[in-house]
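Visitor: dropping a prediction and its sequence here:
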Amino acid sequence: MTDHLQPHLNLALRHARSGLTVTPIPRLEIGVGQTTSGTSPCLYRSMICFILQGSKDVTIHDNLLRYGAEQYLVSALDLPLSGQIYDAGHGRPHVAVSLVLDPALLAQIASTMPPIRDTDAPGSGIAINPMTPQIRETLLRLLALLDTPSDIPVLAPMAERELLYRLLQGPQGRLLRHIAQPEGALGRIRRAVEWIRDHHNTRLRIEDLCNASGMSRASLHRHFVALTGLSPIQYQKQIRLQEARQLLLAGDNSASDVAFAVGYESASQFSREYLRQFGAPPVRDMRRLRQSIENLAIY
């Protein structure tokens, strides 16, 4: 972490606890991890994530990406990934700020900027870049509103618009513009992803995804794999397992009840896939998870 980010870090730590903090600023969250973590499956939403201190590895489709302080990550759609926090501990926690993306707001801002002729779909749904001074300054103004909550309703939308404008000007402006285009390939895959998430506990029929996305089977499969690193069926399995883990963590449901609730027809198959995904069967994983809960869900 450089001195450039010390004011950001002071604000974030003043207003966030260990784990994930949902701030009063719409769509803005702060993650604080006190220790270096092991590799853990996680779900990245469509968002921008700025690391203020520490670093993190994320793996998508066997591709390992590491990003750290003074860098930001763009996730163009909800992506099941594996993540690992580094360089945390000894009084220096991992600290990250995430802004969940609003496609309508992106589209509105992009419409005021010079048009770019770009019809090709992005090759990946995730990208990493360094923060520019302009991005750092705008992010600081947004975080500073946490000290004056009465200013948030008026000034936070202005700061968010400026931050998105700066990001649209940057290297990932093309990817962000595709998020704002509902009829582009990325927009269509986002609709397919949303359909899977809304119907994760039902049998997946590719015809339903084709109808939801408005794509042919071949085009759907090609773009889906390119953007998420997974086939639609693999993606649904990841979403089911993530949802099952949250249900187990939230209540007293048995593993078999949760298995059927998320769409599995066989409790034994669920247990095998859960073990493969999380490295432990459900009961042991819940015990381990509750012991280290503050280090989970950190971006």
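Guide: Yep, it's here.
Visitor: hang on, Ala280 in a helix?
Guide: No - assigned with DSSP: H, G, I helix; E, B strand; the rest coil, Ala280 falls outside any helix and is coil.
Visitor: per-residue confidence at it?
Guide: Ala280 carries a pLDDT score of 89 in this model.
Visitor: count the residues that sit near it.
Guide: Using other C-beta atoms under 10 Å, Ala280 has 14 neighbouring residues. For every residue, glycine as well, the C-beta is placed using N, CA and C.
Visitor: tell me the mean pLDDT over the host helix or strand of Lys56?
Guide: Using DSSP states H and E, Lys56 falls within strand 55-60. For strand 55-60, mean pLDDT is 84.
Visitor: okay, now the sheet partners of the helix or strand just after it, with direction.
Guide: With elements assigned by DSSP H and E, the helix or strand that comes after strand 55-60 is strand 63-68. If you go by DSSP bridges, strand 63-68 pairs up with strand 55-60 (antiparallel).
Visitor: in the strand it pairs with, which residues are buried?
Guide: Within strand 55-60, the residues that count as buried by 16 or more other C-beta atoms under 10 Å are 55-58, 60.
Visitor: can you put those residues in TSV and add distance to Gly229?
Guide: Listed next are the buried residues of strand 55-60 as TSV, based on distance: C-beta to C-beta, whole Å:
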residue	distance to Gly229
Ser55	21
Lys56	17
Asp57	15
Val58	11
Ile60	5
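Visitor: which among those residues gets closest to His15?
Guide: Closest to His15 out of the buried residues of strand 55-60 is Lys56 (20.8 Å), distances taken as C-beta to C-beta.
Visitor: neighbours around the nearest residue to the closest one once chain neighbours are set aside, how many?
Guide: Computed as C-beta to C-beta, 6 or more residues apart in numbering, the closest residue to Lys56 that is not its neighbour in sequence is Ile85, at 5.3 Å. Other residues lying near Ile85 total 26 when counted by other C-beta under 10 Å.
Visitor: and the angle for the helix or strand that Ile85 is a member of with strand 63-68?
Guide: Assigned by DSSP H and E, Ile85 belongs to strand 79-86. On the basis of axes from the mean of the first three to the mean of the last three C-alpha atoms, to 10 degrees, strand 79-86 is oriented at 50 degrees to strand 63-68.
Visitor: give me the buried positions along strand 79-86.
Guide: For strand 79-86, a neighbour-count test (16+ other C-beta under 10 Å) marks 79-81, 83-85 as buried.
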